[in-house]
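Q: structural data only, the sequence is not supplied:
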C-alpha cells in the first residue's frame, strides 16, 4: 500500500451499521477508497459486498477493526455508544501519530436501556471527549456526522440536506470538513473545539424525538442559516 | 381590560433587552398588543417609545414586570439568565392559572463571568425547568425563541430565517407555536417535553461560537430539514 492510498482511503469502523454503511456508500460513490471495519470479519465482508452492489465501481474492502485502522489516515468511529470505549481500546495499539479518529457517536440513553430521545451524562463531557481520553498522543480526535440521517445517506440518488458540525483541533478538523464536500447536500460547519461535541451530540437526541413526533422515517436534519458561504 | 385584550396581548418581561425588544417589534408589527415589562418603569417606557418609532401603528405599553404580567395570557421571559429566578419570584404572586410563561433564557457561562459560547449546569436541567420549578400550580412553562437572532428580529424589512423549537406541555405549546406564525421567516417546530429545553438552550451557545468563528454580526440561525410541512 502506498502513502497516497493511506491518505486517500477512509476507514469506517462499525461500517456495518446503518449510518456507517451509509457513509461508506457515499464516499465510495465519490471515488474514494473505503475500508470497512467490524469486530467480525464476516460482517465486514458482507458490508463490503453491500457497498459493491450499491456502487459497482467502489474501491472497498472489509476487514477487522484493527486491520482497517492501519489502512487510512482518517478513521471514522461509527459504533453504538456503548461499544465506543471497547472499540477504541481494541485499536489503540494500531493508531499512529498523525492519524485522525472521527467520533460520530452519541451517548443516547438507549445505550443503557433508556430512550433514544434522551442522552446520558459522560464523565468527559461527550462521546468525542471520551474517545479523546483513550487515544495515544498525537492522534487527533474530531467530532462529526452525528446528525446525518442513515436513511438519507443510503438514498444515493438524493442529496442528504444536512449540515455537519465538525469540532476538534484546527489541523485535524479541516481534512474532516473536506470529506463533507464528497457527499451531495452535506455542508461542513466549523464547530470549534472538541468540547462543542457536547452540544452537537445532544442535537441528535432532539432530532430523534422530532422524527418520532413528526413521523419522519427519512430522518430530520439540521441547517444553519446566515453562514457566509450561502443563504440557506 | 376585556378578556380578549388579555388573550390577544403578549407581555415581554425584559423587553428592554435586545432580543425581547426585537420580539416586541415583530409582534407589534403583526398587529398584536404588546406589553413591555422591566424592573424599572422608565426603561419600560423608553422601550415602548422605541417600538412606537419602529412600528407607528403599534399598540404597545411599558410597565413594571408585575403589572405587565397581569396584562397578557402569554408572558415571555426575556431576561439574562442570572436574573431569571429573581424575575420569576418578583412576578410569582401575579401569575394566574391558565397563564403561559415562555422561557427564552440560556444558562450561558457569561452569566458567571465565563464565555458566551459555553453553558453552565442548572440543577433542574435547563433555564426553562428552573422557571417551571418556581411558578405556581397550573401556570404552564414553555421553552421557545432562544436561538432567534436579536439583530434579525430588529431588521423589520427582512424575514428572520430561523426555526423555533417549542417545548412544554401540549396545551401550552400550541399557543406559543402559533406566535411564531406572526413573524416572517420564523417557523415553529414541536420540541416535545419541556426537558428538551436542555438541548435547545445549548444550541444557543453553539450558535454564539459560530457567530464568532464566522464573524456573522447578524446572527446565525437554525433550520431543520425534512419536516413534513416543507423542504427546507
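A: Great, that's in hand. The model shown is predicted, which means the values in this text are computed figures rather than measured ones.

Q: when you work out contacts or count neighbours from here on, use the C-alpha atoms and nothing else.
A: OK.

Q: list the contacts of the helix or strand bottoming out on mean pLDDT in chain A.
A: Ranked by mean pLDDT, DSSP states H and E, the weakest helix or strand in chain A is helix A:3-8, scoring a mean of 89. Contact with helix A:3-8 is made by A:32, A:33, A:71, A:72, A:73, A:74, as judged by CA atoms under 8 Å, 6 or more residues apart in numbering or on different chains.

Q: same question for stretch A:10-20.
A: Under CA under 8 Å, 6+ apart, the answer for stretch A:10-20 is A:21, A:24, A:27, A:32-39, A:43-44, A:47, A:65, A:68-69, A:71-79, A:148-151, A:153.

Q: can we see that at 6 Å?
A: A:21, A:34-38, A:47, A:65, A:72, A:74-79, A:150 (CA atoms under 6 Å, 6 or more residues apart in numbering or on different chains).

Q: equivalent analysis for stretch A:129-144, please.
A: Stretch A:129-144 has contacts (CA under 6 Å, 6+ apart) with A:97-104, A:124, A:128, A:165-168.

Q: and those residues, which are buried?
A: When neighbours are counted using 16 or more other CA atoms under 10 Å in any protein chain shown, those contain these buried positions: A:99, A:100, A:101, A:102, A:103, A:104, A:128, A:165, A:166, A:167, A:168.

Q: might one say that the fifth one is in contact with residue A:128?
A: Right, the one you point to is residue A:103. Yes: using CA atoms under 6 Å, residue A:103 is in contact with residue A:128, at 5.3 Å.

Q: flag every residue of chain A that's near chain B.
A: A:220, A:221, A:222, A:223, A:224, A:225, A:226 (CA under 6 Å from any CA of the partner chain).

Q: beyond the top helix by length along chain A, next helix or strand please.
A: Assignment by DSSP state H gives helix A:197-214 as the longest helix of chain A. Per DSSP states H and E, helix A:197-214 leads on to strand A:221-225 as the next helix or strand towards the C-terminus.

Q: tell me the strands beside that following strand, with direction?
A: Strand A:221-225 has the following strand partners under DSSP bridges: strand B:221-225 (antiparallel).

Q: quick one, the partner strand and helix A:197-214 angle?
A: Taking axes from the mean of the first three to the mean of the last three CA atoms, to 10 degrees, one finds that strand B:221-225 is oriented at 40 degrees with respect to helix A:197-214.

Q: quick one: average pLDDT of strand B:221-225?
A: Mean pLDDT, computed over strand B:221-225, is 96.

Q: need the residues that contact the stretch of helix or strand residue A:76 belongs to.
A: Residue A:76 is part of strand A:74-77, with elements assigned from DSSP H and E. Residues from elsewhere that reach strand A:74-77 (CA under 6 Å, 6+ apart): A:10, A:11, A:12, A:13, A:100, A:101, A:102, A:103.

Q: which non-adjacent residue is nearest residue A:147?
A: Leaving out its chain neighbours, the residue that sits closest to residue A:147 by CA to CA, 6 or more residues apart in numbering or on different chains is residue A:204, at 5.3 Å.

Q: start and end of stretch A:31-50, how far apart?
A: In stretch A:31-50, first residue to last residue: 16 Å (CA to CA, to the nearest Å).

Q: buried ones in it?
A: For stretch A:31-50, the neighbour count (16+ other CA under 10 Å) marks A:32-39, A:43-45, A:47-50 as buried.

Q: so what's the residue most central in space within chain A closest to, chain neighbours aside?
A: In chain A, the residue lying closest to the centroid (CA atoms, centre = their mean) is residue A:104, at 4.3 Å. Among residues not flanking residue A:104 along the chain, residue A:146 sits closest, at 4.8 Å (CA to CA, 6+ apart).

Q: what does residue A:120 give?
A: residue A:109 is the one closest to residue A:120 (CA to CA, 6+ apart), at 5.3 Å.

Q: quick one, what contacts that neighbour?
A: The contact partners of residue A:109, by CA under 6 Å, 6+ apart, come to A:115, A:116, A:118, A:119, A:120.

Q: which one (most neighbours) among those?
A: Among the contacts of residue A:109, residue A:119 has the most neighbours (other CA atoms under 10 Å in any protein chain shown), with 22 neighbours.

Q: quick check, pLDDT for it.
A: 97.

Q: ok, the closest residue to it other than its chain neighbours - contacts?
A: In space, and not counting its chain neighbours, residue A:119 is closest to residue A:108: 4.3 Å by CA to CA, 6+ apart. Taking CA under 6 Å, 6+ apart, we find residue A:108 in contact with A:116, A:118, A:119.

Q: residue A:106 now?
A: Neighbour list for residue A:106: A:81, A:201 [criterion: CA under 6 Å, 6+ apart].

Q: which secondary structure element is home to it?
A: Per DSSP H and E, there is no helix or strand for residue A:106.

Q: circling back: relative to chain B, how far out is the residue nearest to residue A:104?
A: Noted for residue A:146: a distance of 15 Å to chain B, by CA to the nearest CA, to the nearest Å.

Q: helix, strand, or coil at that residue?
A: coil (DSSP: H, G, I helix; E, B strand; the rest coil).

Q: how about residue A:174?
A: From three-state DSSP, the assignment for residue A:174 is helix.

Q: check it and give its pLDDT.
A: 96.

Q: what about it, how many neighbours?
A: By other CA under 10 Å, the residues close to residue A:174 number 16.

Q: wait, residue A:168 sits on residue A:193?
A: Yes: using CA under 6 Å, residue A:168 is in contact with residue A:193, at 4.7 Å.

Q: break down chain A into its helices, ranges please.
A: All helices of chain A, identified by DSSP H, fall at A:3-8, A:18-29, A:41-54, A:65-69, A:84-91, A:127-132, A:150-154, A:170-180, A:197-214.

Q: now render these as JSON lines, adding distance to residue B:211.
A: Below are those laid out as JSON lines (distance: least, CA to CA, whole Å):
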{"stretch": "helix A:3-8", "distance to residue B:211": "32"}
{"stretch": "helix A:18-29", "distance to residue B:211": "29"}
{"stretch": "helix A:41-54", "distance to residue B:211": "39"}
{"stretch": "helix A:65-69", "distance to residue B:211": "36"}
{"stretch": "helix A:84-91", "distance to residue B:211": "32"}
{"stretch": "helix A:127-132", "distance to residue B:211": "23"}
{"stretch": "helix A:150-154", "distance to residue B:211": "28"}
{"stretch": "helix A:170-180", "distance to residue B:211": "17"}
{"stretch": "helix A:197-214", "distance to residue B:211": "16"}
